[in-house]
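Q: Have a look at this prediction, sequence included:
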Amino acid sequence: MFLVGDVQIEAPVFLAPMSGVTDAPFRSQAIRFAAPAVVTEMVAGAELARRSEEFVRRVAPHNGRGPFIVQLVGRDPEWMRIGAELAQAGGADIIDINMGCPAKKVTGGLSGCALMREPELARSLIVATARAVSVPVTVKMRLGWDEACLNAPELARMAEGEGARMITVHGRTRNQFYDGAADWRRIAPVVEATSLPVIANGDIVDAVSAREALAQSGAAGVMVGRGALGRPWLLARIAADLQRWEWREPTPEQKLESVTEQVQASVTLYGERLGVRVVRKHVAAFIDAWANDMGLAPMHELRGRLCQCDSSAALIDQLQSELSGRRAAA
């Protein structure tokens, strides 16, 4: 059992917060396959306070096992306080502060990874958030802004002093975005700088890369991002390998049932038109994963055709008929 403050998690394997990806329908499917912990898309405290429909949807509970972890982003301590209070009132078990998003629309607003260049402001955000709630507060960051500013160890040490309970580090700088390879070895100084559990993030796509990330970083656990897109069962598979639990790969029928449920849940959350558009990226990734796992040739034509469906009923019907048929022919 892994602890974040007083919150118990079965294994230190987390689904990373990803904008436009880790919505409630996708998190629900990860939980369906026994993912130990999942994190919402990042949401601005100010937007959450304004009850903007889009931002309220981002923190919709996944209504499953494991902790409900909400990630907040911002640069105003007062709005972070309000956002944290609202998140806790909405059932959040853990609140994560985003200090690692490299997107220009976030750093341009001097939030996300831009906070690594403003450690005193970062400190005030952590203090405001931690004092506002009784649930554990965690921080996600990168190695630094660029090669000249690799200050993750100092920021982690400061975060611990101000009440944070866990640190997650993506093994790239902000200026790398997602280019090159994550450098897990550079997470090791963060592990050495704090007594908090440190979670390694970046390029972890299977059990092999998870074990290598842990070995190189000395981290207490891993966070899986883009590798889980199309494979919501990946978190449980990695956790089972690391914990030496029994693992049974979901059957093709279970996988197809999962993506069907996700389409239906997306429509329920967003409405028919938007729900179909939002779930398309998940369907496309699922098709790629299906072909790879079944040992089939890439299904580019099918993926393109499915992603043009405007109706959830048509999308589900084609998914089930096409994949069942191709499996039978394989």
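A: Good, I have the coordinates.
Q: okay, CA-based contacts and neighbour counts for the rest of this
A: OK.
Q: and residue 303, how many neighbours does it have?
A: Residues lying near residue 303 (other C-alpha atoms under 10 Å) number 19.
Q: what about the residue nearest to residue 304 when sequence neighbours are not counted, which helix or strand?
A: Spatial nearest neighbour of residue 304, chain neighbours left out: residue 284 (7.8 Å); criterion: C-alpha to C-alpha, 6 or more residues apart in numbering. Using DSSP states H and E, residue 284 falls within helix 272-293.
Q: looking at it, the residue nearest to residue 304 is touching residue 305, isn't it?
A: No. In this structure, residue 284 is not within contact of residue 305 by C-alpha atoms under 8 Å, at 9.9 Å.
Q: what mean pLDDT does stretch 48-67 have?
A: For stretch 48-67, the mean pLDDT works out to 77.
Q: got the CA positions of stretch 243-258 in CSV?
A: Below are the C-alpha coordinates for stretch 243-258, written out as CSV (Å, rounded to 0.1, in the frame of the first residue of the first chain):
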residue,chain,number,x,y,z
GLN,A,243,3.8,-5.4,-7.4
ARG,A,244,4.1,-8.9,-8.7
TRP,A,245,0.3,-9.3,-8.7
GLU,A,246,-1.5,-11.7,-11.0
TRP,A,247,-2.5,-10.0,-14.2
ARG,A,248,-4.9,-11.2,-17.0
GLU,A,249,-4.9,-9.2,-20.2
PRO,A,250,-8.5,-8.0,-21.0
THR,A,251,-10.1,-10.1,-23.7
PRO,A,252,-10.9,-8.5,-27.1
GLU,A,253,-14.5,-8.5,-26.0
GLN,A,254,-13.7,-6.7,-22.8
LYS,A,255,-11.7,-4.1,-24.7
LEU,A,256,-14.4,-3.5,-27.2
GLU,A,257,-17.0,-3.2,-24.5
SER,A,258,-14.7,-0.7,-22.7
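Q: List the buried residues of it.
A: Neighbour counts over stretch 243-258 (16 or more other C-alpha atoms under 10 Å) mark 255-256, 258 as buried.
Q: try stretch 113-132
A: 113-117, 119, 122-132.
Q: Work out for me the element residue 14 sits within.
A: Counting by DSSP H and E, residue 14 is found in strand 13-15.
Q: Each with direction, which strands does the longest strand seen in the chain pair with?
A: If you go by DSSP state E, the chain has its longest strand at strand 37-44. Its sheet considered, strand 37-44 pairs with strand 13-15 (parallel), strand 68-73 (parallel) by DSSP bridges.
Q: Output those in JSON lines, with mean neighbour count and distance to residue 275 appended to each entry.
A: Formatted as JSON lines, the strands paired with strand 37-44 follow (neighbours: other C-alpha atoms under 10 Å; distance: least, C-alpha to C-alpha, whole Å):
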{"stretch": "strand 13-15", "mean neighbour count": "26", "distance to residue 275": "22"}
{"stretch": "strand 68-73", "mean neighbour count": "26", "distance to residue 275": "22"}
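Q: hey, least reliable of the ones you listed by pLDDT?
A: strand 68-73 (a mean of 95).
Q: So which of residue 284 and residue 305 has more stuff around it?
A: Comparing residue 284 with residue 305 by other C-alpha under 10 Å, the one with more neighbours is residue 284, at 21 against 12.
Q: Next one: residue 252 from residue 128, what distance?
A: As judged by C-alpha to C-alpha, to the nearest Å, residue 252 and residue 128 stand 47 Å apart.
Q: same thing with residue 225?
A: Applying C-alpha to C-alpha to residue 225 and residue 128 gives a distance of 28 Å.
Q: try residue 103
A: 24 Å.
Q: And the strands in the chain, which stretches?
A: Using DSSP E, strands in the chain cover 2-4, 7-9, 13-15, 37-44, 68-73, 94-99, 137-142, 166-170, 198-201, 221-224.
Q: Which one of those lies nearest to residue 233?
A: strand 13-15 (10.6 Å; C-alpha to C-alpha).
Q: can I see the domain layout of this structure?
A: 2-243, 252-329 (automatic domain parsing).
Q: which one of the ones you listed is the most hemmed in?
A: Mean neighbour count (mean count of other C-alpha atoms under 10 Å) peaks for domain 2-243 among those, with a mean of 21.
Q: From one end of it to the other, what's the distance?
A: 11 Å.
Q: cool, and stretch 264-280?
A: With C-alpha to C-alpha, one end of stretch 264-280 sits 12 Å from the other.
Q: What residues are bridge-paired with the closest residue to residue 91 other than its chain neighbours?
A: The shortest distance from residue 91 to any non-neighbouring residue, by C-alpha to C-alpha, 6+ apart, is to residue 68 (7.1 Å). Counting by DSSP bridges, residue 68 is bridged to residue 38.
Q: List the contacts of residue 160.
A: 166, 194-196 (C-alpha atoms under 8 Å, 6 or more residues apart in numbering).
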